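>>> model the following, please.
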Amino acid sequence: MAIQYLKKSPKTSSTDDTKTREIVENILKDIEKTKKGKGFKELSKKFDKFEGDVIVSKEKIEEIKKSLDQKTKDDVQFSHERVRKFAEAN
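Alright, predicted model coming up:
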């Protein structure tokens, strides 16, 4: 799976970090090698200290949506639209 950049920023001394790039590339390679989300679970445990389910069922999503107030739903929708528009911008 090739990396596709939606946007690129100019390199600066703070963003041109070869070591960070190498670490991220190795993480992505590890993810590609593993199957059925095992790699994601290991990374989530390592970096987030989270050991729960990575994939949430549609039923669980619907259950949680019912418990949310309207302001939270509106905030999530607004944020989703902003991220989508940013990713689609040229």
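>>> counting by contacts, list what the worst-scoring helix or strand of the chain on mean pLDDT packs against.
The helix or strand of the chain with the poorest confidence is helix 38-43; it has a mean of 78 (mean pLDDT, DSSP states H and E). With contacts taken as 3 or more Cβ pairs under 8 Å, 6 or more residues apart in numbering; DSSP states H and E, helix 38-43 sits against helix 18-33. Just so you know, the C-beta spots here come from the backbone N, C-alpha and C atoms, and that holds for glycine as well.
>>> so what are the domain limits for this structure?
17-54, 56-90 (automatic domain parsing).
>>> closest one to residue 6 among these?
Closest to residue 6 of the domains of the chain is domain 56-90 (Cβ to Cβ; 5.2 Å).
>>> name the residues of that closest one that are buried.
Using 16 or more other Cβ atoms under 10 Å as the burial criterion, none of the residues of domain 56-90 qualify.
>>> where in the chain is pLDDT low?
1, 11-16, 35-37, 90 (pLDDT under 70).
>>> for it, which helix is longest?
Using DSSP state H, we find that the single longest helix of the chain is helix 70-88.
>>> got the contact list for the residue nearest to residue 50 when sequence neighbours are not counted?
Using Cβ to Cβ, 6 or more residues apart in numbering and skipping residues adjacent in sequence, the residue nearest residue 50 is residue 44, 4.8 Å away. Going by Cβ atoms under 8 Å, 6 or more residues apart in numbering, residue 44 touches 50, 51, 54.
>>> not counting residues beside it along the chain, what's closest to the second one?
Among residues not flanking residue 51 along the chain, residue 45 sits closest, at 5.4 Å (Cβ to Cβ, 6+ apart).
>>> mind telling me what element residue 62 is part of?
Element membership for residue 62, per DSSP states H and E: helix 58-67.
>>> can you list contacts of that helix?
Residues contacting helix 58-67 (Cβ under 8 Å, 6+ apart): residue 73.
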